[in-house]
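In: sharing a model that was predicted from the sequence below.
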Amino acid sequence: MKKWQCVVCGFIYDEAEGWPDEGIAAGTRWEDVPADWQCPDCGVGKEDFEMIEMG
Amino acid sequence: MSDSGALIIVGTGLAGYNLAKELRKLDTERELILVTADDGRFYSKPLLSTGFAKGKQADELAMQGASMMAEQLNARVITHTRVTAIDAQSRTLQTSEGELSYGDLVLACGAHARPLPLSEDMHDRVLSINDLSDYGRFRQQLAGHKRVAIIGAGLIGSEFANDLALGGLEVQVIAPDEQLMPGLVPAQVAAPVQAALEELGVRFHLGRSVAGVHAAGAALRLELDDGSHLEADQVLSAIGLLANTALAQEAGLLCGRGIQVDRYLRTSDPHIYALGDCADVMGMQLMYVMPLMSCARALARTLTGQATEVSYPVMPVMVKTPACPLVVSPPVTAAKGLWTISGEGRDIKALFHDAEGVLHGYALTGAAVSEKLQLNRQLPAWLA
């Protein structure tokens, strides 16, 4: 499981935790997060934003 | 359209720096200068309203310093320098540190907090937080104190109420309307957010305005318009933002509430562009990150020779009130319509339909927030 960070605001998406608030189950890999998902902190889109792979 | 001569960006907030980043993806060569009145640190503004709960000092929110940004962007970043005038004819800028010539100019000069009409000697005790240095100053003022009075219960006032309460402060909010975030969400949606904040210990004085703020010993005494009063150690004013248009206006550029630009982000002068909080794009003044990113990407293309109109997808606003999460997609695409409210308790779903039954917006709280993505797909783009 990996973590991805939004370069605009520093929000971290942790694949292990998912983002259940928006119906993204724990364990959802980044590539399986819907393309129109948006950063919960700053609102930028997945494709617009480089998420930094944190390992 | 792109031209020879330096590209100068006024402002190093998210708009200025993100435009520079997008531009460098397309053109690594053109002379690029950013001018800022502050220290030029790169930081994410949305994080200013979640910093107290996380115990973050201003320095911890800064991601990179100006010299690091300059190196990464292959640009000059001129800090602590205010642009005092633009001469569009000769394409020069007057600054507090001298004159600069540009080929193209981008105004990314942001907005300022609407001033609260209070006596001058209160200015350190009544602060607004609109940038990183404001945040630092506010934290400094608050050190060792507990009681904060927030004036204004819009999005920013509500976010700070939540964040400061989570940060262990005693928070009171005074606002003239009877609900939180009027104009953004219907009352039935604001209610659970208010209830959740009250559970955190926030006290609201709604339908009230502040008649005066006075020093009372070491504390402050706020007089309300109904004759009642309350005490606080620090006041946070959150009564809205006004686009910084003065520089553009003096240069003769067309301005309304913001600097008016077309879909190419061009002002009434062909070599001057604007984006971010200072800009009014086709009548839309959207002071959020997502719109400015759409603008930064389109403008970077335009400035490198591929004229590109900005388009806006659906851009819901995530309100950072973790006590009761709220997401709103304002019905910007419909002039008229009605809200339909369903759900109960903390979990409210409000949908905005026009007379033909077409969905144009929503506001979701609590567990209903999970419907966001699915609703976004039903909404028309804001600027197709």
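Out: Done, it's in.
In: okay, CA-based contacts and neighbour counts for the rest of this
Out: OK.
In: for residue B:92, phi and psi?
Out: Recorded main-chain torsions at residue B:92 are phi -130, psi 150, according to degrees, to the nearest 10.
In: and residue B:46, by the same measure?
Out: Reported as degrees, to the nearest 10, the phi and psi values for residue B:46 are phi -60, psi -20.
In: okay, the closest residue to it other than its chain neighbours: pLDDT?
Out: When the adjacent residues along the chain are set aside, residue B:46 lies closest to residue A:42, with 6.1 Å between them (CA to CA, 6 or more residues apart in numbering or on different chains). We note a pLDDT of 76 for residue A:42 in this prediction.
In: around chain B, pick out the residues from chain A.
Out: For chain A, the residues in contact with chain B (CA under 8 Å from any CA of the partner chain) are A:8-10, A:20-23, A:36-37, A:40-45.
In: contacts for the helix-or-strand element of chain A with minimal mean pLDDT, please.
Out: For chain A, the helix or strand with the lowest mean confidence is strand A:51-53, at a mean of 73 (criterion: mean pLDDT, DSSP states H and E). Outside of strand A:51-53, the residues within contact range by CA atoms under 8 Å, 6 or more residues apart in numbering or on different chains are A:2-7.
In: any idea where the helices of the stretch 1-150 of chain B begin and end?
Out: Defined through DSSP state H, counting those that start in this stretch, the helices belonging to the stretch 1-150 of chain B, from first to last, are B:14-26, B:58-61, B:66-73, B:132-142.
In: partner strands of the least confident helix or strand of chain A and their direction?
Out: Within its sheet, strand A:51-53 is paired with strand A:3-6 (antiparallel), according to DSSP bridges.
In: run through who's touching the partner strand.
Out: A:11-15, A:30, A:39, A:49-55.
In: and those, which of them are buried?
Out: By neighbour count, with 16 or more other CA atoms under 10 Å in any protein chain shown, the contacts of strand A:3-6 hold A:11-15, A:30, A:39, A:51 as buried.
In: centroid residue for the chain?
Out: I'll assume chain A. The centre of chain A sits closest to residue A:13, judged by CA atoms, centre = their mean, with a distance of 3.9 Å.
In: looking at chain B here, not the other one
Out: Centroid check for chain B by CA atoms, centre = their mean gives residue B:287 as the closest residue, at 4.5 Å.
In: quick one: contacts for it?
Out: By CA under 8 Å, 6+ apart, the residues touching residue B:287 are B:276-277.
In: closest to chain A out of the helices of the stretch 1-150 of chain B?
Out: With CA to the nearest CA as the measure, helix B:14-26 is the member of those nearest chain A (8.0 Å).
In: how far away is whichever residue of the stretch 251-384 of chain B sits closest to chain A from residue B:117?
Out: Proximity to chain A, evaluated over the stretch 251-384 of chain B using CA to the nearest CA, is greatest for residue B:370 at 3.8 Å. Going from residue B:370 to residue B:117 by CA to CA, to the nearest Å gives 41 Å.
In: which one of the two is surrounded by more residues?
Out: Set side by side, residue B:370 and residue B:117 give different neighbour counts by other CA atoms under 10 Å in any protein chain shown, the larger being at residue B:370 (18 against 9).
In: could you list every residue that touches the residue in the stretch 51-200 of chain B positioned nearest to chain A?
Out: Using CA to the nearest CA, the single residue of the stretch 51-200 of chain B nearest to chain A is residue B:63, 9.0 Å away. Residue B:63 is in contact with B:41-43, counting by CA under 8 Å, 6+ apart.
In: would you reformat those as CSV and include pLDDT and distance to chain A?
Out: As requested, these are exported to CSV (pLDDT from 0 to 100; distance: CA to the nearest CA, whole Å):
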residue, pLDDT, distance to chain A
B:41, 97, 13
B:42, 95, 10
B:43, 93, 8
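In: before we move on, back to that, and the furthest pair within the contacts of strand A:3-6?
Out: When CA to CA is used, the two most widely separated members of the contacts of strand A:3-6 are A:39 and A:55, lying 19.1 Å apart.
In: quick one: end-to-end distance for stretch B:213-228.
Out: For stretch B:213-228, the end-to-end distance is 12 Å (CA to CA).
In: and which of the contacts of strand A:3-6 is nearest to residue B:59?
Out: Residue B:59 lies nearest to residue A:11 out of the contacts of strand A:3-6, by CA to CA, at 17.5 Å.
In: which residues of chain A score low on pLDDT?
Out: Counting by pLDDT under 70, chain A contains low-confidence residues at A:48-49, A:55.
In: look up the closest residue to the residue of chain A found nearest chain B, ignoring the ones flanking it.
Out: Evaluated by CA to the nearest CA, chain A has residue A:22 as its residue closest to chain B, separated by 3.8 Å. When the adjacent residues along the chain are set aside, residue A:22 lies closest to residue B:370, with 3.8 Å between them (CA to CA, 6+ apart).
In: so what does the one you found look like in phi/psi?
Out: Torsion angles, degrees, to the nearest 10, at residue B:370: phi -60, psi -10.
In: isn't it up against residue A:37?
Out: No - judged on CA atoms under 8 Å, residue B:370 makes no contact with residue A:37 at a distance of 11.4 Å.
In: may I ask which of the contacts of residue B:63 has the most neighbours?
Out: Across the contacts of residue B:63, the neighbour count under other CA under 10 Å reaches its highest value at residue B:43, namely 25 neighbours.
In: quick check: that residue touching residue B:16?
Out: No - at 11.7 Å, residue B:43 does not count as touching residue B:16 under the criterion of CA under 8 Å.
In: and the pLDDT for the residue of the stretch 51-200 of chain B closest to chain A?
Out: Note on residue B:63: pLDDT of 88.
In: so what's residue 24 up against?
Out: Looking at chain A here, since you left the chain open. Counting by CA under 8 Å, 6+ apart, the residues that residue A:24 touches are A:18, A:33.
In: to clarify, I was referring to chain B.
Out: Residue B:24 sits in contact with residue B:73, where contact means CA under 8 Å, 6+ apart.
In: that one and residue B:31, how far apart?
Out: Between residue B:24 and residue B:31 the computed distance is 11 Å (CA to CA).
In: near chain A, which residues of the stretch 251-384 of chain B?
Out: Close to chain A, as judged by CA under 8 Å from any CA, the stretch 251-384 of chain B has residues B:289-290, B:293, B:315-318, B:320, B:367, B:369-373.
In: go again using 7 Å as the cut-off
Out: Of all the residues in the stretch 251-384 of chain B, those in contact range of chain A (CA under 7 Å from any CA of the partner chain) are B:289-290, B:317-318, B:367, B:369-373.
In: among the residues you listed, which are in strands?
Out: Counting by DSSP state E, these place B:317-318 in strands.
In: using PyMOL, define a selection of the buried residues within the residues of the stretch 251-384 of chain B next to chain A.
Out: Selecting just the buried residues from these in PyMOL takes one command, with 16+ other CA under 10 Å as the test:
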select buried, chain B and resi 289+290+317+318+367+369+370+371+372+373
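In: name the nearest residue to residue B:64, ignoring sequence neighbours.
Out: The shortest distance from residue B:64 to any residue other than its chain neighbours is 5.2 Å, reached at residue B:42 (CA to CA, 6+ apart).
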